[in-house]
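In: Pasting a predicted model and its sequence here:
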Amino acid sequence: MQANTEYVREVRSALDGRIAYEAEAGERCNASWMDVSRDGARVALGRYLRPGRVIAIAFTAPHDGRTEVSLQARVIWCRQGGGSAE
């Protein structure tokens, strides 16, 4: 039996969309939302990021489809999954 090491405090809603993230100054990469809740989100990045690292995430606001929203996020966990890092 394998222990479940994922702990989610809030119920997450499935979300399918594109985001951009910046892990290093001036290095903007594309990623995809997987699910989101009030206190976190799961995104497929295509690379590994060390837990504890702060990144910037940018996406288009869903209410108007034009406004770019940018926020700071901290990597809590990261694992290799399905051909890309999550």
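Out: It's in.
In: make it CA atoms for all contacts and neighbour counts henceforth
Out: Will do.
In: how about low-confidence regions in the chain?
Out: Applying pLDDT under 70 to the chain picks out residues 1-8, 81-86.
In: If we use 50, what do you get?
Out: 1-4, 84-86 (pLDDT under 50).
In: Could you pull out the strands in it for me?
Out: 13-24, 27-37, 40-44, 54-60, 68-74, 80-81, 84-85 (DSSP state E).
In: Just name the most buried of those.
Out: strand 40-44 (a mean of 19; mean count of other CA atoms under 10 Å).
In: Partner strands of it and their direction?
Out: strand 27-37 (antiparallel) (DSSP bridges).
In: Find the residue at the geometric middle of this protein.
Out: Val43 (3.2 Å; CA atoms, centre = their mean).
In: Just give the closest residue to that residue, not the sequence neighbours.
Out: Distances taken as CA to CA, 6 or more residues apart in numbering put Trp33 closest to Val43, at 4.5 Å, once the chain neighbours are dropped.
In: Now do the one you found against Arg74, distance only.
Out: 15 Å (CA to CA, to the nearest Å).
In: what about the closest residue to Trp77 other than its chain neighbours, how many residues close to it?
Out: Nearest residue to Trp77, sequence neighbours excluded (CA to CA, 6+ apart): Pro51, at 5.2 Å. Pro51 has 12 neighbours, counted by other CA atoms under 10 Å.
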